[in-house]
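Asks: I need the structure of the sequence given here:
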Amino acid sequence: MAIVHVTDQNFTEETSDGLVLADFWAPWCGPCKMIAPVLEEIDGEMEDKVQIVKLDVDENQETAGKFGVMSIPTLLLFKDGKVVDQVIGFQPKEALVDLINKHA
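Replies: Coordinates of the predicted model:
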């Protein structure tokens, strides 16, 4: 599965089923650019366990506000539509893999 770019309109639908890691980011954010290749790697290696979605907070402020996202990148882990975990800021690949495996 490829990483899906989501919007306010389809966020709930895209995070409602299974394990979904949502990346709240913005194009101008340095740490967001650093974590992007890490998420690409995880997507390639763990696509059977988790779907990764990205939400641009500048263009989709409603969803970011709904989840209280104040700092980016913020990664929320959803399981069947409910937030089960959260991390803020750049995370190394190992930490994100552990986070996903904890809930898979």
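
Asks: What ranges does this protein have for its strands?
Replies: Taking DSSP state E as the test, the strands found in the chain are 4-6, 19-25, 51-56, 74-79, 82-88.

Asks: which of those strands sits most buried?
Replies: Neighbour counts (mean count of other CB atoms under 10 Å) averaged over each of those peak at strand 19-25, with a mean of 23. C-beta here means a position set from N, CA and C on the backbone, and glycine is covered the same way.

Asks: who does that one touch, helix- and strand-wise?
Replies: helix 30-46, strand 51-56, strand 74-79, helix 93-103 (3 or more CB pairs under 8 Å, 6 or more residues apart in numbering; DSSP states H and E).

Asks: center of this protein - which residue?
Replies: In the chain, the C-alpha nearest the mean C-alpha coordinate belongs to Ala22, at 2.0 Å (CA atoms, centre = their mean).

Asks: Roughly how far does that one sit from Phe11?
Replies: Between Ala22 and Phe11 the distance is 8 Å, computed by CB to CB, to the nearest Å.

Asks: now swap in Ala95 and tell me
Replies: 24 Å.

Asks: Specify the beta-bridge partners of the residue nearest to the centre of the chain.
Replies: Beta-bridge partners recorded for Ala22 (DSSP bridges): Val53, Leu76.

Asks: which residues touch it?
Replies: 6, 11, 15, 52-55, 75-78 (CB atoms under 8 Å, 6 or more residues apart in numbering).
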